[in-house]
Structures are given as C-alpha cells and as structure tokens.
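1. My questions are about this predicted structure, shown below with the sequence.
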Amino acid sequence: MSNPPLSANSTILGIESSCDDTSAALLINGKIAANITASQDVHRKYGGVVPELASRAHQSHIIPVIQTALDTAGITIHQIDAIAVTQGPGLMGSLIVGVNTAKGLSLALKKPLIGVNHLHAHIAALYIEHDVVFPMLCLLVSGGHTQLIWAEAPGIYSLVGQTIDDAVGEAFDKGSKIMGMGYPGGPEIAHWSETGNDQFQKFPDSQTDSLDFSFSGIKTSLLYFLQKSQQRDPEFLATHRADVCASYQKALIDMLLKRVKKALKEFPAASIGLMGGVSANRLLRSEFATLGQTHQIPTYIPSFEYCTDNAAMIAQAGLYLGQQAQYMSMGALPYTRA
C-alpha cells in the first residue's frame, strides 16, 4: 500500500551525509526546529576529504546527531511523519551510511522515506527563510559543483550552465594549497583578503562561449605568477600574501558574477538566488546582493548555517517531494553523479 501525500505541517526528519558533514534536522509545521551538524576535522591534515575516513566518521556520528536533533526539537523519534535523506550526488561511502540509516528507521517506524537530490536541497535552503518569487536564476557554488540553475517553481529546475573542469570551491582549495595555506581554502583566502589589495594582480578569466564556467586557467596563472615572483624575491609571498589572496578571491567572484549577468540577459528572472558552501563568502554575498539591486529584483541568500551541507535543507526539500508523494523505494541506491 502506497503512502499518502504529506501535509504542509508534517514533521520531517532530515539526514545529510553526502561528504564530510553528518547532519540531522527536524522540520515541524513548516519551521526548522533543530539543525545539528558534526564536522570532521580529520581531513584537514590531508588537504582534502579522504572518502574512507569520511564514511567511518559518519558511522560514529550519525546516531548521536539524530538523537541530539530530536532532543533539541523536544520530540521523540516516534513523532516524525517522514524521513528525508540525501540520496546523491556525493561520496558513495558517505551516502550509504545516511541512506541505510534512513532505511532502517523507515522500516522500524513504518514511516515513508524520501530520497533528496543534494543540489536541489541547496536551492530548497532558500525556502527556509524566504518566500521566493519565481522564476528564479540560481547560482549554486560549492566544493564539488558550480552551476547556474533556472528554477520555475519548487522542484522544477533546469541546468543552464556549469563548470567544465573544477568547481569554484576547488579553485579556492587549490589556490590555498599553492600558497602553502590550510584546508578548506575558501575561509583561509577570505581571511587574508580582508587586509589585501584586490587590484594587486589581475588574473585571467577562462572564457567560454556558453554560460559554462572554467577555473583551471586561473589556478595555473596563480601558480606561474608566484613561481616567477618568488624567483625574483624569495620573500614575495610572505610580504604580499594578503594582496595575492584578495586579488585571487576577487577574480574568482568576478568570474561567477560575469556568468550570472550574462544569464540574466537570456533568462529574464523575477529573482536571483545564491546557495552552496561558497555562498558563505562575505564578498560574494555582498556583490551578489548588489547585482540584485542593480537589476531591481529580489535577491535570496541563505543564512550561514544553511550555506554549507546541512540537514535542514534536506528536510525542506523533502517536504515538497512528500507533498507530491514522491517517495524513495527501499531498493533504491545512493548515486554519485549530478
């Protein structure tokens, strides 16, 4: 017997484990009542996420995180109406931990299971705090994805542009590594940029004929620039680290906004939205908001807690799917491709 559609005031447990953050959230009567995340610091010394270590950490974190979310929301596991879980894309081992946990709870509690696309959930993060005006042009920026998405309504999305090589988050991470700095690279570069001159060095924009992005060229340009500069002056980076970081960050953000401006000419949006882990970058948030003001359309950006991977956005996306009775079968597997 199939499960009926969910109501708008349903209580949904959201579970997110696509990469290196284990998160659980409760959506109750359309409001986020708890959003708990356990991060994994073990990857920092490797300069990137180690999939095997990530999946092991998820196994340790997931039950305590779910219990903490329930305690924070002040309910028991038996009071939920449905379970929403990230089905993909993401790291297979990490996804399996979340999906199998959700399946076990679904079977034990006899509650419907909702499989959520991680990228669609990032868009749904905007719905947590905003009454979005559609159609909306979305810029999704994270460590694994850089996409322009045309959103006609909740759940009705079309991909209109994406990176042809690295994601912008990877460009930040690799830029930080080239400069001998820490991981993740975005916060490191943003920190140093605060006191730097963003006009110190001009980095090239890898041109594309479409709305697609390319970030491989700017990383190579940074590497060659530093090699030549340090040949002349071994102390160059130590002296000008803030200026180089500010210039590199500004170039990456300009590349993103250039495509958004171009897309707005092809897609007359009623609003624009920014989401994904890189949307926590303060300069990007500021310049994206300015872009919306220039075009005189509403601009939506999530609060910081909903930018990076979190279960609140999974629960929010799950609500829309549940209201259409789009449930996940017990035999469904996680998937890794977008």
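-> Sure thing, it's come through. Residues are numbered from 1 along each chain as shown.

2. rest of the way, CA atoms for contacts and neighbours
-> Fine.

3. So Q324 versus A311, what's the distance?
-> Q324 sits 20 Å away from A311, going by C-alpha to C-alpha, to the nearest Å.

4. Between those two, which is the more surrounded one?
-> Using other C-alpha atoms under 10 Å as the criterion, Q324 and A311 rank with A311 on top: 33 against 13.

5. Show me where the protein has its helices.
-> Here the chain has its helices, by DSSP state H, at 51-73, 92-109, 118-129, 168-178, 185-193, 216-232, 236-266, 282-295, 311-323.

6. Deepest-packed of those helices, please.
-> Across the helices of the chain, averaging neighbours per residue (mean count of other C-alpha atoms under 10 Å) puts helix 311-323 on top, at a mean of 29.

7. Can I get that helix as PDB, trimmed to CA atoms?
-> The C-alpha trace of helix 311-323 is given here as PDB (Å, rounded to 0.1, in the frame of the first residue of the first chain):
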ATOM      1  CA  ALA A 311      20.100  18.500   7.000                       C
ATOM      2  CA  ALA A 312      17.700  21.500   7.300                       C
ATOM      3  CA  MET A 313      17.800  21.900   3.500                       C
ATOM      4  CA  ILE A 314      17.200  18.100   3.100                       C
ATOM      5  CA  ALA A 315      14.100  18.300   5.300                       C
ATOM      6  CA  GLN A 316      12.800  21.300   3.400                       C
ATOM      7  CA  ALA A 317      13.300  19.700   0.000                       C
ATOM      8  CA  GLY A 318      11.800  16.500   1.400                       C
ATOM      9  CA  LEU A 319       8.600  18.400   2.400                       C
ATOM     10  CA  TYR A 320       7.900  19.400  -1.300                       C
ATOM     11  CA  LEU A 321       8.600  15.900  -2.500                       C
ATOM     12  CA  GLY A 322       6.500  14.300   0.200                       C
ATOM     13  CA  GLN A 323       3.500  16.600  -0.600                       C
END
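
8. quick check, distance from it to the centre of its chain.
-> Centroid separation for helix 311-323 versus its chain: 15 Å, with C-alpha atoms, centre = their mean, to the nearest Å.

9. With stretch 252-262 instead?
-> Counting by C-alpha atoms, centre = their mean, stretch 252-262 comes out at 18 Å from the chain centroid.

10. now stretch 51-59
-> 19 Å.

11. do stretch 5-25 as well
-> Distance, centroid of stretch 5-25 to centroid of chain: 15 Å (C-alpha atoms, centre = their mean).

12. any idea how far T37 is from the closest residue to A54 other than its chain neighbours?
-> Spatially, and ignoring its direct neighbours in sequence, A54 is nearest to D20 (5.4 Å; C-alpha to C-alpha, 6 or more residues apart in numbering). As for D20, its distance to T37 is 10 Å (criterion: C-alpha to C-alpha).

13. now do I83
-> For I83, the distance to T37 - C-alpha to C-alpha - is 17 Å.

14. Could you do C307 as well?
-> Taking C-alpha to C-alpha, one finds C307 at 12 Å from T37.

15. again, but for L159
-> 29 Å.

16. These two: who's more crowded?
-> Neighbours were counted for L159 and for T37 using other C-alpha under 10 Å; T37 has more, 25 against 11.

17. Tell me the bridge partners for that one.
-> S23 (DSSP bridges).

18. pLDDT wise, what is it at?
-> Note for T37: predicted pLDDT of 96.

19. Low-confidence regions, this protein specifically.
-> 1, 42-43, 45-46, 337-338 (pLDDT under 70).

20. And it, what are its domain boundaries?
-> 11-125+307-323, 133-297 (automatic domain parsing).

21. so can I have JSON lines of the ones you listed showing distance to S2?
-> Shown next, in JSON lines, are those (distance: least, C-alpha to C-alpha, whole Å):
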{"stretch": "domain 11-125+307-323", "distance to S2": "9"}
{"stretch": "domain 133-297", "distance to S2": "21"}
